[in-house]
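Asks: Quick one: sequence and predicted model below, then my questions.
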Amino acid sequence: MSRRNKLQKFAEILSFPNVYENYDPKDPGLVGKDGTPADMKGQWASKHFKNNNPITLELACGRGEYTLGLAERFPHRNFIGLDVKGARIWKGSSIALEANLTNAAFLRTKIEQIALFFAENEVSEIWITFPDPFLKKGKENRRLTSPYFLNQFRKILHPNGTVNLKTDSDELYEFTLETINDDKKCKLIYHDDDIYSKDLLTEELVIKTYYEKMHLEAKKTIKYVKLTI
């Protein structure tokens, strides 16, 4: 993508009412439409969605395919896709506006900062769909199911809230199961190393991202883990 296209998309995002951005990791502030400062922590449901419905986060949402798919299927729930890449956020948020999916919003920030923008117990569910498995030695802490990230998620998840991982990576799948086993606060609800070899556990698993379709074409098996933390 050319720099011009990226800059155009960044400018358009500023006019979107369903996108919030953090420009500076050292400054925990968010801006919304037209660059207006937006204090959303603890107020996502009431302030943005204008309801009391439960909130689901999709982390590293990319183009927002899962966020959009969930929002279409579950109109009485709220969904927020989070990614650090503005061009990806632009794609998902544009589709949400065109489809009038008022229960889908997007947040541009680093996942490491998640507790800055959500209050304790504010989130009911987290989805992690085909994240980078960070397979290089020494990069384990960057995996989104590492102890570091699970501790970040605990700061914002409801006590009965769940974390869902969907991946094609054998290494990330096994790593996640080991992490759950080693963490006394975690409880494994369900896991499957080949979800399409049988009836799907939940309707949420029907949604396929761009990368998942590529993995399936390459004959890779799709794994799923659901846990509470």
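Replies: Arrived safely, thanks for sending.
Asks: Please compute how far stretch 149-167 lies from its chain's middle.
Replies: 11 Å (Cα atoms, centre = their mean, to the nearest Å).
Asks: wait, stretch 49-67
Replies: 7 Å.
Asks: Please identify the buried residues of that stretch?
Replies: By neighbour count on 16 or more other Cβ atoms under 10 Å, the buried set for stretch 49-67 is 49, 53-67. All C-beta spots, glycine's among them, are computed from the backbone N, C-alpha and C.
Asks: what do you get for stretch 33-47?
Replies: For stretch 33-47, a neighbour-count test (16+ other Cβ under 10 Å) marks 38, 40-41, 44-45 as buried.
Asks: hang on, the earlier thing: identify, from the buried residues of stretch 49-67, the entry nearest to Ile207.
Replies: Set against Ile207, the nearest of the buried residues of stretch 49-67 by Cβ to Cβ is Tyr66 (5.5 Å).
Asks: quick one on the thing from earlier: in strands only, show me the buried residues of stretch 49-67.
Replies: Among these, DSSP state E puts 55-59 in strands.
Asks: quick check: mean pLDDT across stretch 172-188?
Replies: Summarised as a single mean, pLDDT over stretch 172-188 is 97.
Asks: Buried by neighbour count: which residues of it qualify?
Replies: For stretch 172-188, by 16+ other Cβ under 10 Å, it's 172-173, 175-177, 179-180, 186.
Asks: re earlier: turn the buried residues of stretch 33-47 into JSON lines, including secondary structure.
Replies: Listed next are the buried residues of stretch 33-47 as JSON lines, based on DSSP: H, G, I helix; E, B strand; the rest coil:
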{"residue": "Ala38", "secondary structure": "coil"}
{"residue": "Met40", "secondary structure": "coil"}
{"residue": "Lys41", "secondary structure": "coil"}
{"residue": "Trp44", "secondary structure": "helix"}
{"residue": "Ala45", "secondary structure": "helix"}
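Asks: possible to save these as TSV with distance to Glu72 and pLDDT?
Replies: Output for those, formatted as TSV (distance: Cβ to Cβ, whole Å; pLDDT from 0 to 100):
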residue	distance to Glu72	pLDDT
Ala38	25	95
Met40	23	97
Lys41	27	96
Trp44	19	98
Ala45	19	97
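Asks: Go through the buried residues of stretch 172-188 and flag which are in helices.
Replies: Using DSSP state H, 172-173, 175-177, 179-180 are the members of the buried residues of stretch 172-188 that sit in helices.
Asks: ok, and the helix or strand in this structure with the lowest average confidence?
Replies: For the chain, using mean pLDDT, DSSP states H and E, the weakest element among its helices and strands is helix 3-13, scoring a mean of 76.
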